[in-house]
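Asker: could you look at this predicted model? Sequence included:
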Amino acid sequence: MNLPDHLALFGADVQVHRGVPSSSALEVNFPAIELSKIAENESWRKEVHRPATSTHKWWAKRLGSVFRGIIAAAVTEADGDALKTYSSAADLGGLVVLDPFAGSGTTIVEAVKMGASAIGSDINPVATLVQRQAVQQWDISELRRAFKLVESKCREEIDRVHRTESGESVLYYFWVTVARCPHCEVRTRLFSTHVFSQNAYPKKVPAAQIVCPVCLDVQAGRYDFASAECRNGHKFERVGAVNRSQVTCPNGHTSKVIDALGGEVPEREMYAKLVLGLDGKKRYESINAFDHSLYAECVELLQTKERDLILPVGQLDLGENTRQAMRWGFTEWRQFFNERQLYSLGMLGSAIRDVNAGDAEREALVALFSGTLEFNNMFCSFKGEGTGAVRHMFSHHILKPERMPLEAHPWGTPASSGSFSTLFRSRITRAHEYKTDPFDQVLINGGVQRTAGLSMPFDGRLVDAWPEQGLERRQVYIRNGDSSRTDLPSGSVDLIVTDPPYMDNVHYSELADFFHAWLIGMKPFLGYPSSEETTRRAEEVQSADPRKFGDAISQVWKECERVLKPGGLLAFTFHQARLTGWVSLVEALTSAGLGVTAIQPIKGEMSTSVAKGGNEPSNLDSIIVCRKRGEIPSGCDSPEAAAARGEKLLGELQEAGIQVGVGDVKSVIRGHVLATYTLGHGVELAALSELAESLTVSSVARLCGAAVSG
């Protein structure tokens with residue numbers, strides 16, 4: 001296999017080039033079609049294909065295959081074969097890679113796997129914790145010992161308060177929110193349907209569980225039943241009291257759900273449970289007096305033992321992603337949990353906080369506990385039979401209150417979903433195996449196959465501060481702080497690869513505060529901020545306002561330009577169909593002294609992303625490639641030529657069978673045209689924007705046969 005001479009194969013005695021070539025395959029000869037096919041395969045099960053970055057929730061987790069492809073193409077000569085570099089055991093020892101918006105740690109992981117030294121920087125401490133887990137080495141024997149210590153301290157009691165009267169385990173308790181009619185004050189259970197459990201494929205398996213809205217009697221039925229009668233003689237229909245945002249009380253009065261709630265934290269009622277029988281079979285039952293007394297005991301235990309428990313702190317601050325929860329009356333993070341959850345999770349958190357174990361192993365358990373919270377709160381719901389039972393609270397990327405919440409067993413059983421014990425196996429154990437023997441997705445004979453032996457084990461060292469002598473081979477520096485002001489020396493980084501925040505309404509810090517509320521008391525790693533009850537920062541690059549977004553991201557790009565070595569590259573993924581988003585971006589790059597040398601469309605994290613692509617079909621991201629503007633040769637494309645090049649790239653993807661939506665065409669063509677502004681052609685940005693719109697209309701018509709709106 002002929003690789004560029006600045007790469008080395010594992011074990012080969014070849015000198016490794018410490019920089020990137022003056023003209024790279026990332027800019028000229030990028031294998032977007034092949035990498036898109038690999039990325040499409042990975043996108044369906046990211047947690048399986050890239051388990052190191054899946055030990056904890058973080059939003060907009062990027063595709064590892066794409067980022068491996070970016071790194072491989074960045075170190076391949078323009079006339080070289082970047083796909084061969086991607087598919088080879090290349091050793092990039094000596095290369096220093098930075099991600100200033102490190103998120104879940106995708107860039108760091110892919111750089112480490114290829115032998116490079118890596119720097120991850122993020123302003124959010126929860127993201128920093130996720131990154132640390134992505135590359136942290138664990139002594140698996142010590143980790144299992146620590147897990148057993150935690151289990152011995154709290155599992156018996158957690159199991160006890162999730163039992164039936166006969167001692168069988170309760171996997172899940174089903175709850176319903178109750179409101180009072182604003183017209184007649186009658187209590188109304190906010191069922192949208194009286195089918196509370198059905199199969200993921202109901203037409204194949206029509207059996208379901210239904211509940212009477214009057215007496216909460218539970219019985220077996222069909223998912224499509226029209227009407228039923230409970231054992232107490234109450235007749236009811238399939239449709240519940242709630243229809244979208246409206247609720248109709250038993251007396252026939254209709255009002256908005258939000259009005260019926262009256263701005264108070266909702267009252268909830270327990271109505272059913274899913275029991276794991278001693279025979280190993282599951283069965284549904286109604287709630288009985290024992291269940292109520294057991295829950296009441298948890299309320300009392302929480303009050304008497306509160307000082308000994310880890311419990312969430314802090315209040316919700318109004319924001320894009322907290323507004324809906326606050327309208328429902330939620331003002332504190334503690335209110336996201338019921339008393340049994342607080343008691344059980346509080347015991348578990350305290351046991352982990354105090355466990356006598358190695359620092360890295362204790363940190364892994366803290367992160368695992370934090371990840372468990374996503375599936376164990378009253379914003380979760382039941383997905384049904386034949387699939388993972390718990391629909392986690394962030395399935396909508398917002399803090400959406402749940403009218404029919406699900407309470408799960410937080411320690412769990414082998415039949416549980418989203419529990420501490422099951423996530424230990426599916427997240428921690430899987431991540432450890434991946435770090436020990438990494439694998440990658442590669443194209444072989446036109447198909448995507450999992451292949452081992454192309455990446456190095458995760459045996460690099462994690463450092464908490466920039467070493468005075470600089471990063472040594474395979475060292476990883478993960479810092480928590482503002483990426484516009486780092487402690488990195490000027491000219492210390494060869495390659496910057498990142499996925500910056502987009503100009504949209506998903507504010508990660510507002511969502512991360514849910515985890516931070518618990519982590520404050522657990523102090524997962526040295527330096528974790530425990531004095532602030534929020535992860536929000538004024539320096540965050542996160543705003544739907546184009547001017548604020550542009551100003552904030554400009555400061556980070558300026559820092560990137562400062563730390564980038566002469567001849568180095570900055571590459572980042574971006575998707576923004578809105579013209580204003582691209583305008584803000586190119587203004588920020590220009591003010592930072594950076595020029596765009598290429599834009600490469602490629603498969604994105606998911607199809608039709610509502611948060612990032614709007615309501616128009618969207619399947620692609622753009623890889624924006626930049627160099628210091630003084631290093632870019634003159635004679636670059638005109639805006640019209642740039643648009644034609646973008647359309648050609650999109651057409652090639654279409655011909656290869658890769659979906660290209662209207663939103664993708666808008667983003668890519670507008671990006672190509674506006675990127676010419678960074679090269680200093682002297683065209684006013686307003687005039688360039690008008691031209692971009694005109695050229696985008698034509699490209700959408702040719703590629704999608706559609707008219708442009710917005």
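Answerer: Done, it's in.

Asker: sec struct for V214, please.
Answerer: V214 falls in the coil class when you classify it by DSSP: H, G, I helix; E, B strand; the rest coil.

Asker: residues touching it, list them.
Answerer: When contacts are counted by C-beta atoms under 8 Å, 6 or more residues apart in numbering, V214 touches 230, 232, 234, 236. Just so you know, the C-beta spots here come from the backbone N, C-alpha and C atoms, and that holds for glycine as well.

Asker: now these as TSV including distance to R68 and secondary structure?
Answerer: Converted to TSV, these look like this (distance: C-beta to C-beta, whole Å; DSSP: H, G, I helix; E, B strand; the rest coil):
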residue	distance to R68	secondary structure
C230	57	coil
N232	61	coil
H234	59	coil
F236	55	strand
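
Asker: of the residues you listed, which pair is most distant in space?
Answerer: N232 and F236 (11.0 Å; C-beta to C-beta).

Asker: what sits in contact with each of those two?
Answerer: Counting by C-beta under 8 Å, 6+ apart, the residues touching both N232 and F236 are 212, 214.

Asker: I'd like the next helix or strand past the lowest-mean-pLDDT helix or strand in the chain.
Answerer: Sorted by mean pLDDT, DSSP states H and E, the helices and strands of the chain end with helix 610-613, the least confident at a mean of 39. Following helix 610-613 in sequence order, the next helix or strand is strand 620-628 (DSSP states H and E).

Asker: run the chain-centre distance for that following strand.
Answerer: Centre-to-centre, strand 620-628 and its host chain are 22 Å apart (C-alpha atoms, centre = their mean, to the nearest Å).

Asker: S141 versus R238, what's the distance?
Answerer: R238 sits 53 Å away from S141, taking C-beta to C-beta, to the nearest Å as the criterion.

Asker: neighbour-wise, which of these two wins?
Answerer: R238 (17 against 9; other C-beta atoms under 10 Å).

Asker: mind listing what the residue nearest to that one when sequence neighbours are not counted touches?
Answerer: Closest residue in space to R238, ignoring its immediate chain neighbours: F225 at 5.5 Å, by C-beta to C-beta, 6 or more residues apart in numbering. Shown here is F225, whose contacts under the criterion C-beta under 8 Å, 6+ apart are 195, 208, 210, 238.

Asker: ok, 10 Å please
Answerer: 194-195, 206, 208, 210, 236-238 (C-beta atoms under 10 Å, 6 or more residues apart in numbering).

Asker: which ones are touching the closest residue to K57 other than its chain neighbours?
Answerer: The shortest distance from K57 to any residue that is not its chain neighbour, by C-beta to C-beta, 6+ apart, is 5.2 Å, and that residue is E374. Taking C-beta under 10 Å, 6+ apart as the definition of contact, the neighbours of E374 are 56-57, 380, 390, 392-395, 418, 423, 514-515.

Asker: please pick the buried ones from these.
Answerer: Taking 16 or more other C-beta atoms under 10 Å as the criterion, what is buried in these is 56-57, 380, 390, 392-394, 418, 423, 514-515.

Asker: and L570, what's its pLDDT?
Answerer: Here, the pLDDT recorded for L570 equals 98.

Asker: against C212, how distant is the residue of the chain most remote from its centre?
Answerer: Here the chain has its C-alpha centre computed as a mean, and the residue farthest from that point, by C-alpha atoms, centre = their mean, is G233 with 47.1 Å. Taking C-beta to C-beta as the measure, G233 and C212 are separated by 10 Å.

Asker: so where is this structure shaky, pLDDT-wise?
Answerer: By pLDDT under 70, the low-scoring segments of the chain are 1-18, 503-505, 605-617, 635-636, 706-710.

Asker: so how many other residues sit close to the nearest residue to S484 once chain neighbours are set aside?
Answerer: With C-beta to C-beta, 6+ apart as the criterion, S484 has its nearest non-adjacent residue at 3.7 Å, and that residue is Q555. Here the neighbour count serves as a burial measure; for Q555 (other C-beta under 10 Å) it reads 18.

Asker: next, Q555: phi, psi?
Answerer: Dihedral angles of Q555 (phi, psi; degrees, to the nearest 10) stand at phi -60, psi -40.

Asker: which residues does it contact?
Answerer: Counting by C-beta under 10 Å, 6+ apart, Q555 makes contact with 482-485, 539, 541, 588, 591-592.

Asker: just these now: which is nearest A220?
Answerer: Of the contacts of Q555, the one sitting nearest to A220 (C-beta to C-beta) turns out to be V541, at 52.2 Å.

Asker: now that closest one: how far from F101?
Answerer: Per C-beta to C-beta, V541 is found 7 Å from F101.
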